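S.K.: when you get a sec, could you give me coordinates for this:
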Amino acid sequence: MNIGRIGTAMITPFKKDGTINYPELERIINHLIDNGTDAIIACGTTSENPTMSTEEKIEVVRFTVEKVAGRIPVIAGTGDNETAYSIMMTHNAEKNGADGIMLVTPYYNKPNQRGMYAHFKTIAKETSLPVMLYNVPGRTGANIAAETAIALSRDVENITCIKEASGNLDQMGDIIENVEPDFKVYSGDDGLTLPLYAIGGAGVISVASHVVGSDMQLMLKAFDEGNHELAAKIHRALLPLVRALFAQPNPSPIKYAMTKLGFDTLDVRMPMMEMLPEEKAAFDQIWDTYQEKAKHFRELAVQ
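M.R.: Here you go, the predicted structure:
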């Protein structure tokens with residue numbers, strides 16, 4: 001499975017009554033494919049999957065696979081803090097045509113490294129699909145140690161990559177240094193996309209790519225072509241916007257940002273809350289500043 005450089009952890013649009021807005025979800029899928037997304041992650045954290053029922057999660061994956069129609073890979077977030085439930089969700093994702101699965105670190109029960117290893121290996125052995133590990137200790141309260149990720153990459157053939165959202169570049173560097181070249185390390189933090197890419201990372205599993213996916217691709221392309229000055233300029237321009245997208249709990253800011261592109265995505269499910277008017281106004285200012293900077297570096301990119 002080649003998931004490219006930028007995978008988008010896709011939001012789930014809701015109607016005012018709280019049900020999933022499937023026509024709008026199809027619009028979002030097409031928008032992402034047209035604007036820099038190399039792979040879609042359905043039912044990740046940004047989808048608000050903790051508030052979605054089992055049936056909704058299964059259907060969102062099935063629907064996404066159907067509407068993507070093979071244009072790019074679809075990775076299903078099937079991880080849970082219960083191993084048996086994760087296996088069941090993985091079986092459903094495979095049945096519904098997903099190209100891979102993403103397994104988050106078990107949260108709340110906080111297993112030790114031996115427990116994490118057993119959890120991920122047991123699930124991976126239950127599927128023929130490629131597996132992406134997802135390390136996000138800020139949400140789960142538990143960190144996949146570099147040694148554990150390295151061991152899983154070595155011992156389990158279909159564990160092929162990791163989304164690393166620990167924010168620890170040293171840890172990510174240790175993984176990159178000690179795995180085979182075909183095992184990919186992706187940033188789980190938009191702001192670390194270029195720093196991780198520069199030390200051998202594969203790219204990012206992104207939230208910001210909903211609205212700046214093409215600019216992020218431009219940044220990585222510039223780096224690949226040796227234009228490190230332009231890549232750094234884009235990185236610096238992106239940072240304030242990325243901070244704004246996470247100034248309130250994800251995905252409320254990115255859902256608001258998407259309304260600027262004409263999408264009906266403002267609604268979130270409690271306990272998430274829509275941004276307050278003053279929070280939106282602060283975001284608007286950063287958004288407008290970014291658009292001015294983007295005009296400049298886009299012009300530089302075509303010179």
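S.K.: so residue 212: helix, strand or coil?
M.R.: Judged by DSSP: H, G, I helix; E, B strand; the rest coil, the three-state class of residue 212 is helix.
S.K.: which residues of the stretch 51-200 of the chain fall in strands?
M.R.: Ranges of strands within the stretch 51-200 of the chain are 74-77, 100-104, 131-135, 159-164, 184-187, based on DSSP state E, counting those that start in this stretch.
S.K.: now do the helices in the stretch 201-303 of the chain.
M.R.: Using DSSP state H, counting those that start in this stretch, the helices found in the stretch 201-303 of the chain span residues 209-224, 228-245, 252-259, 277-301.
S.K.: reformat those helices as CSV; add mean pLDDT, distance to residue 164 and mean neighbour count.
M.R.: The way it works is simple: take the backbone N, C-alpha and C, and place the C-beta from them, glycine included. As requested, the helices of the stretch 201-303 of the chain are exported to CSV (pLDDT from 0 to 100; distance: least, Cβ to Cβ, whole Å; neighbours: other Cβ atoms under 10 Å):
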stretch, mean pLDDT, distance to residue 164, mean neighbour count
helix 209-224, 98, 17, 21
helix 228-245, 97, 16, 19
helix 252-259, 98, 20, 22
helix 277-301, 95, 25, 14
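S.K.: let me have the ones you listed in JSON lines, adding distance to residue 92 as columns.
M.R.: As requested, these are exported to JSON lines (distance: least, Cβ to Cβ, whole Å):
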{"stretch": "helix 209-224", "distance to residue 92": "25"}
{"stretch": "helix 228-245", "distance to residue 92": "30"}
{"stretch": "helix 252-259", "distance to residue 92": "26"}
{"stretch": "helix 277-301", "distance to residue 92": "36"}
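S.K.: among the ones you listed, which is nearest residue 147?
M.R.: Shortest distance between residue 147 and the helices of the stretch 201-303 of the chain, using Cβ to Cβ, is found for helix 209-224: 28.7 Å.
S.K.: check the offset of stretch 226-240 from the chain's centre.
M.R.: Chain-centre distance of stretch 226-240: 21 Å, with Cα atoms, centre = their mean, to the nearest Å.
S.K.: same check on stretch 193-211?
M.R.: Put simply, stretch 193-211 sits 10 Å off its chain's centre (Cα atoms, centre = their mean).
S.K.: list the buried residues in that stretch.
M.R.: 193-194, 196-197, 201-211 (16 or more other Cβ atoms under 10 Å).
S.K.: same deal with stretch 25-45?
M.R.: Within stretch 25-45, the residues that count as buried by 16+ other Cβ under 10 Å are 25-29, 31-33, 35-45.
S.K.: for the nearest residue to residue 167 once chain neighbours are set aside, what are its contacts?
M.R.: Spatial nearest neighbour of residue 167, excluding adjacent residues (Cβ to Cβ, 6 or more residues apart in numbering): residue 189 at 5.8 Å. Neighbour list for residue 189: 165, 167, 204 [criterion: Cβ atoms under 8 Å, 6 or more residues apart in numbering].
S.K.: go ahead and confirm the last one touches residue 6.
M.R.: When you say that, I think you mean residue 204. Yes. Under the criterion of Cβ atoms under 8 Å, residue 204 makes contact with residue 6 at 5.9 Å.
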